[in-house]
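Visitor: Model the following, please.
(chains A, B, C and D)
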Number of protein chains: 2
Amino acid sequence: MQVIFEKTGLKPGSIYLAFGNKEGLFKESLNYYAQQSISKATSLMEGADSIGESICLILAGFVDDAFQKDYCSCFLVKSQLELSGTPDLQAHAIGHLRDIEGVYAHFLEREYSTEEAKIKATSLMMHIFGIRVYGYHQTTKAQMLASLKLGLPWLPWDTLPQVALLESVQ
Amino acid sequence: MQVIFEKTGLKPGSIYLAFGNKEGLFKESLNYYAQQSISKATSLMEGADSIGESICLILAGFVDDAFQKDYCSCFLVKSQLELSGTPDLQAHAIGHLRDIEGVYAHFLEREYSTEEAKIKATSLMMHIFGIRVYGYHQTTKAQMLASLKLGLPWLPWDTLPQVALLESVQ
DNA sequence: AATTTAGTTGAATGATTGTTCAAATTTTGC
DNA sequence: GCAAAATTTGAACAATCATTCAACTAAATT
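Guide: This is a model prediction of the structure:
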């Protein structure tokens, strides 16, 4: 809260009037972040010819994130892990992550059976979580991408415009 | 610290004499947890005929963990993500995780080239991180295992004694 | 048994935390 | 232009936090 007072320049009273308490502000932030994430992914997959290709682009973007300075993983993932002591908020974060998995599963159903789409979405989420944690290790983009190709061999990595991947190689 | 005073029954002075300060205690805990993790994995792979099979067993164990009550993911993973504000401790956690990746890479070199072993170890770590995060979502063991099979197809899932996997299916 | 070392106690300290509220200010609706 | 509603302010409060320390007890050494 103290950091937020500083960064926003607002006084405690204003923020407490708007959000009630710390948990309220946190929950609202989680909602905003989740909505933002979902609409970003959705709009990328909606307009694409190939779901697979847009997923590759999304993943390449996550890899890029990891090499930005002040990388801070993913708000939802971090919250889910940190909030063991606050089951209410943790459930909120988990719910959003499951929604995101649902979005991927939904779009994958265009190209696979319901069963296949579901299991592929889970594998996808595992890799996303993997990137979000492994990102801090600061190895190389090439290594992370190679590992993604190995773990997600059903994605059309090679039909991607090479620039998209090359520009991801530091 | 307060919780530790309660749970151990020790008074502040005793703990501060032994560990210096909160960071010291935390660092020592990370070291202990990491050493424990590494020796558990190492001893499993050392005595095994097939590295692949022992890795499958390790992963199945991680999946089991996720369905234990009071599941709390992995101390190193959680610490790495939480300690953005304490670069010193975060680097410590990251170092341990990279050590663990090194152990897997080392054993995989028995069956693959150095290059192959390295990239497979990275993919393995991504899946482990994935399990550690996804574990909170409480779907089903079957779904998590199926997703692991999909993402790690180079592991000998089918040569595993069926009991080991069956007993993992809730 | 005497002396040094190691470990524990219990209370206290100062800093930081989340939170509240009456008064002042700005914005809105008529 | 005015009254009502909405926001902001600034100072304060109470709780919690990590940490310290002199006094006390137990263990080890000679």
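Visitor: Would you tell me which residues of chain A are close to chain B?
Guide: A:72-73, A:77-78, A:80-82, A:84, A:90, A:94, A:97-98, A:118-120, A:122-123, A:125-134, A:136-137, A:139, A:143-144, A:146-148, A:150-154 (CB under 8 Å from any CB of the partner chain). C-beta coordinates here come from the backbone N, C-alpha and C atoms, glycine included.
Visitor: Roughly how far does A:T86 sit from A:I128?
Guide: Per CB to CB, to the nearest Å, A:T86 is found 23 Å from A:I128.
Visitor: Report the backbone C-alpha coordinates of the helix or strand hosting A:L97 in CSV.
Guide: Using DSSP states H and E, A:L97 sits in helix A:87-108. What follows is helix A:87-108, C-alpha atoms only, in CSV (Å, rounded to 0.1, in the frame of the first residue of the first chain):
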residue,chain,number,x,y,z
PRO,A,87,-7.2,-18.6,0.2
ASP,A,88,-9.8,-16.2,-1.1
LEU,A,89,-7.4,-14.2,-3.3
GLN,A,90,-5.5,-17.4,-4.3
ALA,A,91,-8.7,-18.9,-5.6
HIS,A,92,-9.3,-15.7,-7.5
ALA,A,93,-5.9,-16.0,-9.2
ILE,A,94,-6.4,-19.7,-9.9
GLY,A,95,-9.8,-19.0,-11.4
HIS,A,96,-8.4,-16.5,-13.9
LEU,A,97,-5.6,-18.9,-14.9
ARG,A,98,-8.1,-21.6,-15.5
ASP,A,99,-10.2,-19.2,-17.6
ILE,A,100,-7.1,-18.6,-19.7
GLU,A,101,-6.6,-22.3,-20.2
GLY,A,102,-10.3,-22.5,-21.2
VAL,A,103,-9.7,-19.9,-23.9
TYR,A,104,-6.8,-21.9,-25.4
ALA,A,105,-8.9,-25.1,-25.2
HIS,A,106,-11.8,-23.4,-26.9
PHE,A,107,-9.7,-22.2,-29.9
LEU,A,108,-7.8,-25.5,-30.2
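Visitor: Mind giving me the packing neighbours of it?
Guide: The helices and strands touching helix A:87-108, judged by 3 or more CB pairs under 8 Å, 6 or more residues apart in numbering or on different chains; DSSP states H and E, are helix A:22-46, helix A:51-66, helix A:75-82, helix A:114-134.
Visitor: Which one, of these, ends up nearest to B:S29?
Guide: B:S29 sits nearest to helix A:75-82 of all the helices and strands packed on helix A:87-108, at 16.7 Å, using CB to CB.
Visitor: What are the buried residues along that closest one?
Guide: Residues A:75-81 are the ones in helix A:75-82 that count as buried (16 or more other CB atoms under 10 Å in any protein chain shown).
Visitor: Which strands or helices does it pack on?
Guide: Using 3+ CB pairs under 8 Å, 6+ apart, the elements in contact with helix A:75-82 are helix A:22-46, helix A:87-108, helix A:114-134, helix B:75-82, helix B:114-134.
Visitor: give me the number of residues near the residue nearest to A:M1 when sequence neighbours are not counted?
Guide: Excluding the flanking residues, the one nearest A:M1 by CB to CB, 6 or more residues apart in numbering or on different chains is A:K22, at 5.9 Å. Residues lying near A:K22 (other CB atoms under 10 Å in any protein chain shown) number 13.
Visitor: now do A:L30
Guide: Neighbourhood size, A:L30 [other CB under 10 Å]: 20.
Visitor: Same question for A:G102.
Guide: When neighbours are counted by other CB under 10 Å, A:G102 registers 13.
Visitor: Need the nearest residue in space to it, chain neighbours excluded.
Guide: Leaving aside its chain neighbours, A:G102 sits nearest to A:A121 (7.7 Å; criterion: CB to CB, 6+ apart).
Visitor: got a list of what that neighbour touches?
Guide: Contact analysis of A:A121 by CB atoms under 8 Å, 6 or more residues apart in numbering or on different chains lists A:101-102, A:104-105, A:108.
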